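> can't give you the sequence, but here's the structure:
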């Protein structure tokens, strides 16, 4: 599987202003671009497809060089890859190492990919294999966890094989008034232990048009805190059954448009 077979060259040394992707053949006919299969294409084709979609819709405002972040370490220019799987894994890896700026860019890339696939007959919609979120956490240095006494919000979801999981949001030690940063921890109720991973989510870096449910939880917990509420906004989503969350992976794989929340709470 990709999480064990591939290491991403840009995980720890990612720079948002890296070398730009090739811009040759920009006059390629639209029908040729739409024939690109994102599950089986080379990187040049992948880039053409995503930049084409970005030019169509300014909401997909990813930095062109962020496409480089999905390349595996043993990347070969002429080799065909499943870039849908690679992008999904790159997002999870960005979360794992706490690089939320990269994660935000990859969310925009993922949104552009979804739009391209919806319009393209070339990429089939067969579900790809599930990518686990937390398998690789133990290979990174985990800093001491902050105090969880003052929770901004919490909820309990099904954790699949882990059983019930409590998710709790607190301020990260590096958080400031101007730049709030949320730390999200996970507690296995069945096993009575904290999971070793945590998410670090910078509120300002969330791509609101396609926020993961985990980002949505952190954002709503923070906003509730500002308005002296607790477990209000995110609980409303869970109670409404507008989003079904059956596992911890769903907190990353499913998305919500936070612009709707902002408009309703303006």
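In hand now; what should we look at? The structure displayed is predicted, hence computed values, not measured ones.
> got any ranges where the stretch 51-200 of the chain has weak pLDDT?
Scanning the stretch 51-200 of the chain for pLDDT under 70 picks out 96, 98, 122-149, 159-162.
> where along it do the helices fall?
83-96, 100-119 (DSSP state H, counting those that start in this stretch).
> so the longest one versus helix 83-96, what angle?
Angular relation of helix 100-119 and helix 83-96 on a 0 to 180 degree scale: 160 degrees, by axes from the mean of the first three to the mean of the last three C-alpha atoms, to 10 degrees.
> hmm, who's touching helix 100-119?
Applying C-beta atoms under 8 Å, 6 or more residues apart in numbering, the set of residues contacting helix 100-119 from outside is 14, 16, 34, 38, 49-50, 52-54, 56-57, 59-63, 66-67, 69-70, 83-84, 87-88, 90-91, 94-95, 123, 125, 200-202, 205-207, 209-212. Where C-beta positions appear, they are placed from N, C-alpha and C, glycine not excepted.
> angles on the backbone of the nearest residue to residue 78 once chain neighbours are set aside, please.
Distances taken as C-beta to C-beta, 6 or more residues apart in numbering place residue 42 nearest to residue 78, at 5.8 Å, with adjacent residues excluded. Dihedral pair for residue 42: phi -90, psi 170, per degrees, to the nearest 10.
> can you pull the contacts of residue 42?
Counting by C-beta under 8 Å, 6+ apart, residue 42 has contacts 77, 78, 79, 80, 81.
> please apply the same query to residue 164.
Contacts of residue 164 (C-beta under 8 Å, 6+ apart): 156, 157, 158, 188, 189, 190.
> in the sheet, who's paired with it?
Going by DSSP bridges, residue 164 is paired in beta bridges with residue 158.
> from residue 186, how far out is it?
11 Å (C-beta to C-beta, to the nearest Å).
> cool, residue 211 as well?
19 Å.
> one step back: quick one: buried ones out of the contacts of helix 100-119?
14, 38, 49-50, 52-54, 60, 62-63, 66-67, 69-70, 83-84, 87-88, 90-91, 94-95, 123, 200-202, 205-207, 209-212 (16 or more other C-beta atoms under 10 Å).
> which of the residues you listed fall within strands?
Mapping the buried ones among the contacts of helix 100-119 onto strands (DSSP state E) picks out 200, 201, 202, 211, 212.
> give me the pLDDT value at the last one.
Here, the pLDDT recorded for residue 212 equals 92.
> find the nearest non-adjacent residue to it, please.
Per C-beta to C-beta, 6+ apart, closest to residue 212 is residue 252, 5.1 Å.
> which residues sit against the one helix or strand the one you found maps to?
Using DSSP states H and E, residue 252 maps to helix 250-253. Contact with helix 250-253 is made by 88, 91-92, 95, 133, 157, 167, 212-214, 217, 244-245, as judged by C-beta under 8 Å, 6+ apart.
> surely residue 169 meets residue 183?
Yes: Residue 169 is within contact range of residue 183, at 7.2 Å (criterion: C-beta atoms under 8 Å).
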